[in-house]
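Chemist: just the structure for this:
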Amino acid sequence: MTSTPLISDPDGADALASDGGIVTIRPVRPGDRGALARLYAGASRENLLLRFFIVPGRLTIAAELDSLCRQETRDRLAVVAWQAGELIGVAACVRLDRHSRMAEIAAFVADDHHGRGIGTLLLEHLAARARLAGITDFVGEMLPGNTDVLRMVHDFHEHTHTQTRVGYIDLNIDLTDQHAFERAVDARDRVAEQASLRPLLAPRSVAVIGAGQRHGTAGHETLRALRDYGFAGRLYAINPTGRPVCGLPSHRSIGDLPEAVDLAVIAVRAELVAGALKEAGQRGVRAAVVLSKGFGASGPVSKQRRADVLRIAREHGMRLVGPSSIGVLGTEPQLRLNACLSPIRPPGGGLAVASQSGTVGIALLANAARTGCGVSSFVSLGEKLDVSGNDLIAYWYDDPATKAVALYLESFGNPRRFARTVRALGRRKPVLALESGRSLATRHAGAASPDLMDALFTQAGVIRVTGIDEMLDSARMLIDQPAPAGARMAIVGNGGGLTALAADHAVAGGFTLVSLSRDTRRQLPRGRDNPVDLGIEATPATIAAAAETIANSGEADILLLMIVGTRANCSVGTMAALAEVVDNHPDVTIAAVLTGSNDDIQRFGARGAPVFPQPETAIRALAHAHRYARWQRQPLGRRPELPGIQPARAQALIGQALATGPGWLPRIRVAAVLRAYGISIMPMSAARTGVDAVAIAERLGFPVVLRSAAPATARGPVVRRDLSSAAAVRDAFDAVVADSPGPAGVLLQRQITAPVELTAGIRHDSLFGSLVRLGLSGGWTAHTVRLVPLTDLDAGRMWRDLPAGSLSGGLRKPPRFEPADLEDLLLRLGRLAEDHPEIAELDLAPVFAGPDGLLIGDARIRLAETGAEPDATLRRLSPVALPGVPARPERGTSDPVRGNRAAS
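Modeler: Reported below is the predicted structural model:
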């Protein structure tokens, strides 16, 4: 059984309904009895009939309330949905019997809230708790006329089966396929996020609260930017004096407006933000951008302000950007939204940008304007109390104006959800990420370590860049040009030495300088081969004709044009001639390098092929486009069936061990847990005395390995290798025993010589969850990491990502071991990590890899209680954290549903 970490905050989890409304899902409490009674009392006769199969009387409702409000156990689970102080839905399940893994479900939603996805949301959270309680199937029955619920359960999970009998429909929902469940949840999440964020990113009306009359203030400049950019909707100024601002009439309070606006931009002092936000919520505002600063400090005042602002937003169903945001921008002609403090506005285009840093955001917009990189929308996330990169990724997934996404994120609240959602987005639109925090000096709480970021970006297909220019150059290439079909490149132009430099950069960037065919060379001046340097005197017509010839030949996937302007050679004319080549060949990736010209040409051709100032910047952008296209063409990978695994057996062993407390497992239990996943350790023989050790060594045959039999510790076992004589064994025995705690004795193994020695293992990270690691023997200095779940492609890439030649004895040589064996081991470790997040550390060292298979010398496992961590599956918004109280329980927090996992 695959377990899913569960958020068990006592106040529940805020989540989005399909219409974008915010509801709170939490377990039922005994105190909910009155609210549940009102739920049923206010229901229609038809609604009650479909739930109870009769119109229930007082006694039936009382029995239902008694059942729902009992103390939650592993056999009886119930969750409720609240919105605006009203209980609007309930879902419950009861195990068929104490030994069954099936539970009967029932759900009920208030009449006024049908069609909002409340029932589906309740079932998602109920299913998460049920899986933790060891329940694998939901079963139930319904009336044939209950078509809405029938449609809901089929949409809920692809493994829903129904069967009709006289008067009833029986249903069964198989919960064991976690990945099918995730796909369905993600699809619903995108619908809800798009509805939720539409008032923020495509508002029909905007109010600026704090629109002062003084130039240079945030409110005044935001109102002026909205007015000057020509916002297509209705624009309101809120100023307590009631005097006009920026030529617009103002209102003293947002409550005085003639309508409930979609978006409020708040630019008042930090201590006034909560009050302004509350007034906006009471007036029905759907979204807010808080420009105000004074929320980022770590002191109690700032923490209280953050908690108050987020609580108010949630209570009124508002989505919130900021605080400390510089605003939002939308460039579509039918929108023209510029609620942004950036003084420079980029052109419209296909790049959506999210930045956690205001200054980085301003620099991105300024450089986009300079390079001609068109932007569809921009969001400055600020303190990121509510709206995060995950939310925006879900919104931009189906946004027709967005062709690529650029992210600058300094921290992650839920990187496992990010990995899944950004991978799905990357399959249809490229995602670029500008990294921060590589140096320890710039890292802060919530920032991820560089190797984990590498793993996340690699698995998700994110294009990692190190600078703003690199990000925008790559975005222009990815948005304006077709994805490169391959790595064959041809270079044409009058660049002379620059053409040679471009060729060097191309080869270093992984491209192949294709050798042109005889027929193609015959059509070129003087029969030149690739790179085709036509000389500084070449005319625009000559350059265009050569480019057209190569593009027509079909021999190059990528055409790079090297143009040097001179007094005798008009660069404008040359680029105009080359524009026809671009337009004639929509399937060829084309870019140009233009130097020696005062003409500001950023794009050419109808589709806007990018122009770069230097060959290295062009090649870098092309390399990103090529790698992305290659990743996009690859299959997603699959999670193959692994014969011989026994998750329940391992779970029982882990549960029994945790019953006595966390820590390192004894070797006998380590071996048992690994055997449950088809992983075996080499036999060891125990010796209590030096005499016994020598006798065992002579029986095994020299050389041998001797290690301490003492319980595992953080520093690892004391080991002596290459023991080739009785005397060496006696000396090693004395040294190891002296260096080991307690009279544990030693363990001996025959020494193995293999072509490759590796280390493999599992680590659990508080942000990223469980990870699988593979490294060269001798430590983790050269290693690769992947997040779970692990696919077959992930496993194959892991060993290929180790230093070139370390596994093959040289470049371009085949590996000195059987790759399938190593990949099988990594997949089993991945499944073990995924199924049992209580494994905080697992080390296999050494792992001997050769052509005849794998042998594992030793292993150790450390267990830790799993607390409530960011959930990667459930739909939930950021929790409201009170000052001094963690937003989520720490590891080790008990959960009545999770209980002793050995029992499930």
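Chemist: regarding the chain, what is its longest strand?
Modeler: As assigned by DSSP state E, the longest strand anywhere in the chain is strand 839-850.
Chemist: now do that strand: which elements does it pack against?
Modeler: The helices and strands touching strand 839-850, judged by 3 or more C-beta pairs under 8 Å, 6 or more residues apart in numbering; DSSP states H and E, are strand 756-765, helix 819-835, strand 853-856, strand 859-863. For every residue, glycine as well, the C-beta is placed using N, CA and C.
Chemist: among these, which comes closest to Pro879?
Modeler: With C-beta to C-beta as the measure, strand 756-765 is the member of the helices and strands packed on strand 839-850 nearest Pro879 (19.4 Å).
Chemist: flag the shaky bits of the stretch 301-450 of the chain, pLDDT-wise.
Modeler: The stretch 301-450 of the chain contains residues with pLDDT under 70 at 437-448.
Chemist: one more: the chain?
Modeler: In the chain (pLDDT under 70), the answer is 1-11, 437-448, 714, 778-781, 804-815, 867-871, 881-904.
Chemist: at 50 what do you get?
Modeler: The model of the chain has pLDDT under 50 over residues 1-9, 440-445, 810-811, 868, 884-904.
Chemist: quick one, domains of it?
Modeler: According to automatic domain parsing, the chain comprises the domains 13-191, 483-633, 647-682+754-869, 683-751.
Chemist: mind putting the ones you listed into JSON lines with distance to Ala419 and mean neighbour count?
Modeler: Formatted as JSON lines, the domains of the chain follow (distance: least, C-beta to C-beta, whole Å; neighbours: other C-beta atoms under 10 Å):
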{"stretch": "domain 13-191", "distance to Ala419": "11", "mean neighbour count": "18"}
{"stretch": "domain 483-633", "distance to Ala419": "14", "mean neighbour count": "19"}
{"stretch": "domain 647-682+754-869", "distance to Ala419": "6", "mean neighbour count": "19"}
{"stretch": "domain 683-751", "distance to Ala419": "29", "mean neighbour count": "17"}
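Chemist: tell me, what residue is most central in this structure?
Modeler: Phe418 (1.6 Å; C-alpha atoms, centre = their mean).
Chemist: beta-bridge partners for Ala107, please?
Modeler: For Ala107, the beta-bridge partners are Ala91 (DSSP bridges).
Chemist: isn't it up against Ala81?
Modeler: No. Using C-beta atoms under 8 Å, Ala107 is not in contact with Ala81, being 9.9 Å away.
Chemist: shared neighbours, those two?
Modeler: With contacts defined as C-beta atoms under 8 Å, 6 or more residues apart in numbering, the residues shared by Ala107 and Ala81 are 89-90, 122.
Chemist: would JSON lines of the helices and strands packed on strand 839-850 with distance to Asp739 be doable?
Modeler: Shown next, in JSON lines, are those (distance: least, C-beta to C-beta, whole Å):
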{"stretch": "strand 756-765", "distance to Asp739": "22"}
{"stretch": "helix 819-835", "distance to Asp739": "30"}
{"stretch": "strand 853-856", "distance to Asp739": "24"}
{"stretch": "strand 859-863", "distance to Asp739": "17"}
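Chemist: Thr147: which of the ones you listed is closest?
Modeler: helix 819-835 (36.9 Å).
Chemist: helices and strands around that closest one, which ones?
Modeler: Judged by 3+ C-beta pairs under 8 Å, 6+ apart, helix 819-835 is in contact with helix 647-658, strand 756-765, strand 769-776, helix 792-800, strand 839-850, strand 853-856.
Chemist: quick check: which of those is nearest to Leu578?
Modeler: helix 792-800 (38.5 Å).
Chemist: now do that closest one: everything it contacts.
Modeler: Residues contacting helix 792-800 (C-beta under 8 Å, 6+ apart): 458-459, 634-640, 772, 774, 784, 786, 807, 815, 819, 822-824, 826-827, 830.
Chemist: for whatever helix or strand Val309 lives in, list the C-alpha coordinates in CSV.
Modeler: Using DSSP states H and E, Val309 falls within helix 300-315. Coordinates of each C-alpha in helix 300-315 appear next as CSV, following Å, rounded to 0.1, in the frame of the first residue of the first chain:
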residue,chain,number,x,y,z
PRO,A,300,6.2,39.0,16.3
VAL,A,301,4.6,42.1,14.8
SER,A,302,5.4,41.1,11.2
LYS,A,303,4.3,37.5,11.9
GLN,A,304,1.0,38.7,13.3
ARG,A,305,0.4,41.0,10.3
ARG,A,306,1.0,38.1,7.9
ALA,A,307,-1.3,35.8,9.8
ASP,A,308,-4.0,38.5,10.0
VAL,A,309,-3.8,39.3,6.3
LEU,A,310,-4.0,35.7,5.1
ARG,A,311,-6.8,34.9,7.6
ILE,A,312,-8.9,37.8,6.4
ALA,A,313,-8.4,36.9,2.7
ARG,A,314,-9.5,33.3,3.4
GLU,A,315,-12.5,34.3,5.4
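Chemist: and it, what does it pack against?
Modeler: Packing contacts for helix 300-315, counted by 3+ C-beta pairs under 8 Å, 6+ apart, involve helix 270-282, strand 319-321.
Chemist: report the buried residues of the longest one.
Modeler: To tie it back to what came earlier, the one meant is helix 270-282. 270, 273-274, 276-281 (16 or more other C-beta atoms under 10 Å).
Chemist: right, and the helix or strand after it?
Modeler: strand 287-290.
Chemist: so what touches that following strand?
Modeler: In contact with strand 287-290 (C-beta under 8 Å, 6+ apart) are residues 197, 199-200, 203, 262-266, 273, 277, 280, 309, 313, 318-325, 327-328, 339, 382.
Chemist: what about stretch 532-546, start to end distance?
Modeler: End-to-end distance for stretch 532-546: 8 Å, by C-alpha to C-alpha, to the nearest Å.
Chemist: that older thread, run the angle between the longest strand of the chain and strand 859-863 for me.
Modeler: Relative orientation of strand 839-850 versus strand 859-863 (axes from the mean of the first three to the mean of the last three C-alpha atoms, to 10 degrees): 170 degrees.
Chemist: hang on, Asp112 in a strand?
Modeler: No. Looking at Asp112 with DSSP: H, G, I helix; E, B strand; the rest coil, it is helix, so not inside a strand.
Chemist: thinking again about what came up before, for Arg428, find the nearest of the domains of the chain.
Modeler: That would be, of these and by C-beta to C-beta, domain 483-633, which comes in at 8.7 Å.
Chemist: need the strands for the stretch 1-150 of the chain, in chain order.
Modeler: With DSSP state E, counting those that start in this stretch as the criterion, the stretch 1-150 of the chain has strands at 13-16, 22-27, 76-83, 86-95, 102-109, 137-142.
Chemist: switch the ones you listed over to JSON lines; also include distance to Val670.
Modeler: Shown next, in JSON lines, are the strands of the stretch 1-150 of the chain (distance: least, C-beta to C-beta, whole Å):
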{"stretch": "strand 13-16", "distance to Val670": "36"}
{"stretch": "strand 22-27", "distance to Val670": "36"}
{"stretch": "strand 76-83", "distance to Val670": "34"}
{"stretch": "strand 86-95", "distance to Val670": "33"}
{"stretch": "strand 102-109", "distance to Val670": "34"}
{"stretch": "strand 137-142", "distance to Val670": "33"}
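Chemist: which among those is found nearest to Gly247?
Modeler: Comparing the strands of the stretch 1-150 of the chain by C-beta to C-beta, strand 22-27 comes nearest, at 36.1 Å.
Chemist: show me what the closest one is packed up against.
Modeler: strand 13-16, strand 76-83, helix 118-132.
Chemist: using PDB, list the CA coordinates for the one helix or strand Leu578 maps to.
Modeler: If you go by DSSP H and E, Leu578 is part of helix 571-584. Written as PDB, here are the backbone C-alpha positions of helix 571-584 (Å, rounded to 0.1, in the frame of the first residue of the first chain):
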ATOM      1  CA  SER A 571      22.200  45.300 -42.300                       C
ATOM      2  CA  VAL A 572      18.500  46.400 -42.600                       C
ATOM      3  CA  GLY A 573      18.500  45.200 -46.200                       C
ATOM      4  CA  THR A 574      20.200  42.000 -45.300                       C
ATOM      5  CA  MET A 575      17.800  41.200 -42.500                       C
ATOM      6  CA  ALA A 576      14.900  42.000 -44.800                       C
ATOM      7  CA  ALA A 577      16.200  39.600 -47.400                       C
ATOM      8  CA  LEU A 578      16.700  36.900 -44.800                       C
ATOM      9  CA  ALA A 579      13.100  37.500 -43.500                       C
ATOM     10  CA  GLU A 580      11.800  35.700 -46.600                       C
ATOM     11  CA  VAL A 581      13.900  32.700 -45.700                       C
ATOM     12  CA  VAL A 582      12.300  32.600 -42.300                       C
ATOM     13  CA  ASP A 583       8.800  32.900 -43.700                       C
ATOM     14  CA  ASN A 584       9.500  30.200 -46.300                       C
END
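Chemist: before I go, just wanted to say thanks for your time.
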